[in-house]
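Visitor: When you get a sec, could you give me coordinates for this:
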Amino acid sequence: QAIDDDCNQTGQLLAAMLDWPQGTFASRVELEDGAVRVQREVDGGLETLRLRLPAVLTADLRLNEPRYATLPNIMVAKKKPLEVIPAADLGVSGASPRLKVLQVQEPPARAGGEKVESVEALVEKLRQSGRI
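Guide: Sure, this is the predicted structure:
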């Protein structure tokens with residue numbers, strides 16, 4: 001589920017493309033032998049689904065309780081050494097990236113608005129600009 005527009009399309013589209021079962025808005029997940037039990041909130045209460053694996057699940061906010069780092073733990077973490085592992089050591093080829101940035105530029109500045117005297121004048125301006 002995308003947090004920018006909250007459309008909840010990604011999981012459902014992926015499940016349809018893969019032809020896999022789906023459990024959306026999961027607030028509780030339990031693995032079973034070859035299946036997964038998903039509990040989700042619906043208008044009338046709680047719904048429990050049992051899906052064969054592989055399956056596509058989307059999460060509800062209540063699926064997990066976040067743990068917040070305390071300031072002392074953040075300070076301790078800053079002092080720990082960071083181990084850098086080359087990609088070749090992990091068996092990942094060092095192939096060139098599939099994307100290449102050709103150009104980056106800012107969008108043009110927006111032009112100022114224009115006031116019109118009447119609705120008829122507005123409609124005429126829109127016709128002249130090809131908007132309607």
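Visitor: quick one: the strands in the protein?
Guide: Applying DSSP state E to the chain gives strands spanning 22-32, 35-42, 45-52, 56-59.
Visitor: how about these in TSV, adding mean pLDDT, distance to residue 79 and mean neighbour count?
Guide: C-betas here are computed from N, CA, C, even on glycine. Formatted as TSV, those follow (pLDDT from 0 to 100; distance: least, C-beta to C-beta, whole Å; neighbours: other C-beta atoms under 10 Å):
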stretch	mean pLDDT	distance to residue 79	mean neighbour count
strand 22-32	93	36	16
strand 35-42	94	40	17
strand 45-52	95	44	12
strand 56-59	92	33	18
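Visitor: Need those strands in CSV (columns: distance to residue 8).
Guide: As requested, these are arranged in CSV below (distance: least, C-beta to C-beta, whole Å):
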stretch, distance to residue 8
strand 22-32, 7
strand 35-42, 12
strand 45-52, 16
strand 56-59, 7
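Visitor: Which of the ones you listed sits closest to residue 66?
Guide: strand 56-59 (12.4 Å; C-beta to C-beta).
Visitor: Does anything pack onto that closest one? Which helices or strands?
Guide: Here strand 56-59 touches helix 10-18, strand 22-32, going by 3 or more C-beta pairs under 8 Å, 6 or more residues apart in numbering; DSSP states H and E.
Visitor: so what secondary structure elements neighbour the shortest one?
Guide: In this structure, helix 10-18 packs against strand 22-32, strand 56-59, with contacts taken as 3+ C-beta pairs under 8 Å, 6+ apart.
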